[in-house]
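Student: got a predicted model here, sequence first, then my questions.
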Amino acid sequence: TAVFTHVCKCIDPYAGPDCNECIFGRKGDACNKNSNLVRKSIVSMTEDEIKTLSKQIYNAKNSNRKEWAIIVEEPEKGSNGTVIMENVNAYHLFVYLHFMATRDNDGSCKDIGDDNVIVDFAHEGPTFATWHRYYLLLFEREMRKEERNENFVLPYWDWERDRGLMILKDRYFGSFDSDNTQPNKECVYPKIYNNNWITVCDHPFQLKHMDADMDCVQLRKPCSVAE
């Protein structure tokens, strides 16, 4: 695990932490080829396609390719202490990123900016769509590495046209854990994987619902993936 004090500034058409990848929409060794991929509506996917996608995401979640690091413990604000980091795979990194984007909007962690606005740029404001679009593009890029498939794409869900469809059910990505077999009783999981869908941020999410007034440092602390 390492902390870097400098980062790369990539020149078009290159991207990535070390500028060794292509910008979105390009491919090839010199990133000089267009990558025209077509997304498929989730409602038009076959049973085999849904099972394949679920399996791919499950494999990514349990991957041993831990190229990223997240903070699992940090000192209280304004105090000296040690920052503890842990190497994680890309799936847990994206769980962590989404958790950290929303954490200031929870209970004792509510962080009000100078303009009296809650700090949650991912959801509480006009950047909701663009933040998640970029987030999903990054997730797809990591999935292509994991699957060694440069044509991997996520399906889309047209919630306006298919507003009567509930995708959080067993046919798609899982159903609500009504029998509370998971640490987070509100999580979803594909039942074909025997509830084994615990993530790096399940523990603080559970604590949030148990005690809304708990210490902010504890609420913001992701659990260790190694435990």
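Tutor: Looks like it came in fine.
Student: what is the neighbour count of residue 52?
Tutor: When neighbours are counted by other CB atoms under 10 Å, residue 52 registers 12. Just so you know, the C-beta spots here come from the backbone N, C-alpha and C atoms, and that holds for glycine as well.
Student: assign it to helix, strand or coil.
Tutor: helix (DSSP: H, G, I helix; E, B strand; the rest coil).
Student: and the gap between it and residue 74?
Tutor: 39 Å (CB to CB, to the nearest Å).
Student: ok, now residue 12?
Tutor: 35 Å.
Student: neighbour count winner among the two?
Tutor: More crowded of residue 12 and residue 74, by other CB under 10 Å: residue 74, with 15 against 9.
Student: make sure that one is actually in contact with residue 83.
Tutor: Yes: look at residue 74 against residue 83 with CB atoms under 8 Å: they come within range, at 5.0 Å.
Student: for residue 132, which non-adjacent residue is closest in space?
Tutor: Take residue 132 and drop its neighbours on the chain: the residue closest to it by CB to CB, 6 or more residues apart in numbering is residue 122, 7.2 Å away.
Student: is residue 154 part of a helix or strand, or is it coil?
Tutor: Following three-state DSSP, the label given to residue 154 is coil.
Student: tell me how far it lies from residue 142.
Tutor: According to CB to CB, residue 154 stands 12 Å off from residue 142.
Student: neighbour count: those two, which is higher?
Tutor: Neighbour count, other CB under 10 Å: between residue 154 and residue 142, residue 142 has more, with 20 against 15.
Student: so what's the more buried one closest to, chain neighbours aside?
Tutor: residue 90 is the one closest to residue 142 (CB to CB, 6+ apart), at 3.7 Å.
Student: what's the burial count for that neighbour?
Tutor: 21.
Student: so it is in contact with residue 67, correct?
Tutor: Yes: assessed by CB under 8 Å, residue 90 is found in contact with residue 67 at 7.2 Å.
Student: picking that back up, which helix or strand contains the residue nearest to residue 132?
Tutor: Assigned by DSSP states H and E, residue 122 belongs to neither a helix nor a strand.
Student: point out where the chain drops to low pLDDT.
Tutor: The chain contains residues with pLDDT under 70 at 1-4, 76-79, 103-119, 163-166, 168, 170, 173-198, 201-227.
Student: let's see 80
Tutor: Counting by pLDDT under 80, the chain has low-confidence residues at 1-7, 72-83, 100, 102-121, 124-125, 159, 162-227.
Student: perfect, that will be all.
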